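K.L.:
Give me coordinates for this.
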Amino acid sequence: LDADNYETDPCLKEIRRAENYSWMDIITIHKDKLPNYEEKIKTFYEEHLHLDDEIRYILDGSGYFDVRDKDDKWIRISMEKGDMITLPAGIYHRFTLDENNYVKAMRLFVGEPVWTAYNRPADDFPVRKQYMKFLAEEA
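P.N.:
Take a look at the predicted model:
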C-alpha cells in the first residue's frame, strides 16, 4: 500500500470498502507523542487476544507483532511502512517496537472500535474456541 498517500490511496479505499472497515484512527507510538508511553508499551507487549479482528496499517516507522502458531510457539512478524496486517479474533498476540522506537499506524475496525484486550489465559472465550477450531481444520 502507498503509505505516503494513504488519504487518497485507491487500494486502501477498496480494502476498506470490501472489508467494511468503517472506522479508523491513527496512533503514533513514540515517547514524545503517546501519553502514558511506558504504560502503553507494556500493555501492548502483554500477551492478549481480542473479540474482534485487529487491523493495523503501518504509515511510518516499524515494529513487530508476535503471534502464536498452532503449536503455541511464537512467530515474529516484522512490520514496516506500507504493511497491513489483520490478526483474527481469538489469536494470542502482542506488539513491540523495534530499535527505532517509533511507529505510526492506522487502526481499522468494522463498526465502532472496541479496545478491550483479554490477557492470557482467555481460553474459555467463544472467540478463542472458534479460532482454535479454525486452526485444527486448517492443519
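K.L.:
C-alpha only now, for contacts and for neighbours.
P.N.:
Fine.
K.L.:
And whichever strand in the chain runs longest, what does it pack against?
P.N.:
Scanning the chain for the strand with the most residues, using DSSP state E, yields strand 54-68. For strand 54-68, the packing partners by 3 or more CA pairs under 8 Å, 6 or more residues apart in numbering; DSSP states H and E come out as strand 74-80, strand 84-87, strand 93-97, strand 103-109.
K.L.:
Rounded mean pLDDT for the second one, please.
P.N.:
What strand 84-87 shows for mean pLDDT is 98.
K.L.:
So for it, what gets flagged as buried?
P.N.:
By neighbour count on 16 or more other CA atoms under 10 Å, the buried set for strand 84-87 is 84, 87.
K.L.:
next one: the third one
P.N.:
For strand 93-97, a neighbour-count test (16+ other CA under 10 Å) marks 93, 94, 95, 96, 97 as buried.
K.L.:
between it and strand 54-68, how many degrees?
P.N.:
Between strand 93-97 and strand 54-68, the angle comes out at 100 degrees (axes from the mean of the first three to the mean of the last three CA atoms, to 10 degrees).
K.L.:
tell me which strands and helices strand 93-97 is in contact with?
P.N.:
helix 37-45, strand 48-49, strand 54-68.
K.L.:
would you list those in CSV and tack on distance to residue 20?
P.N.:
As requested, the helices and strands packed on strand 93-97 are exported to CSV (distance: least, CA to CA, whole Å):
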stretch, distance to residue 20
helix 37-45, 25
strand 48-49, 21
strand 54-68, 12
